[in-house]
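>>> Fold the following and give me the result.
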Amino acid sequence: QVQLVESGGGLVQAGDSLRLSCAASGRTFSSNPMGWFRQAPGKEREFVSAINWNGGRTYNADSVKGRFTISRERAKNTVYLQMNSLKPEDTAVYFCAAKGPDYSGRYYKSTTDYQYWGQGTQVTVSS
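Numbers count the residues shown, from 1 in each chain. The predicted model follows:
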């Protein structure tokens with residue numbers, strides 16, 4: 001059974017940092033573009049950050065540019081989201097997602113591009 005499991009969320013103060021992890025099991029995702037999305041209460045799920053299959057290309061939403069960094073360790077089947085200078089507006093449930101195998105080198109920003117999703121981890125930033 002394919003699973004994506006997020007961890008690393010929590011309650012922090014504005015200006016603090018967190019690192020989220022997404023561990024995949026059930027199959028290897030070394031050939032898959034990966035992404036992070038978030039969903040705040042009453043809002044739609046939104047794109048945060050994406051990485052291509054080999055980690056050579058990444059892209060961040062404007063709202064997190066310069067503060068968040070996505071990376072991956074293919075050998076560990078794990079993707080990370082380093083979040084610095086957190087703001088109260090970053091408060092949301094953060095989801096990890098995986099697309100099907102794709103060697104094109106592209107990253108993907110739409111929820112509809114992804115086939116596999118984790119259950120999410122809560123990040124709460126207090127002011």
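>>> so L81 makes contact with F37?
No - at 10.4 Å, L81 does not count as touching F37 under the criterion of CB atoms under 8 Å. Bear in mind the C-beta positions are built from the backbone N, C-alpha and C, glycine included.
>>> Can you pull the residues that touch both of the two?
Shared contacts of L81 and F37, defined by CB atoms under 8 Å, 6 or more residues apart in numbering, comprise 48, 94.
>>> Give me the more crowded residue out of these two.
The neighbour comparison of L81 against F37 (other CB atoms under 10 Å) goes to L81, with 28 against 25.
>>> roughly how far apart are that one and I51?
The spacing between L81 and I51, counted by CB to CB, to the nearest Å, is 10 Å.
>>> overlap in contacts of those two?
When contacts are counted by CB under 8 Å, 6+ apart, L81 and I51 are jointly contacted by I70.
>>> S7 bridge partners, please.
Legend: beta-bridge partners of S7 under DSSP bridges are S21.
>>> Just want the most central residue of the protein.
Centrality entry for the chain: nearest residue to the mean C-alpha point is W36, 2.3 Å, by CA atoms, centre = their mean.
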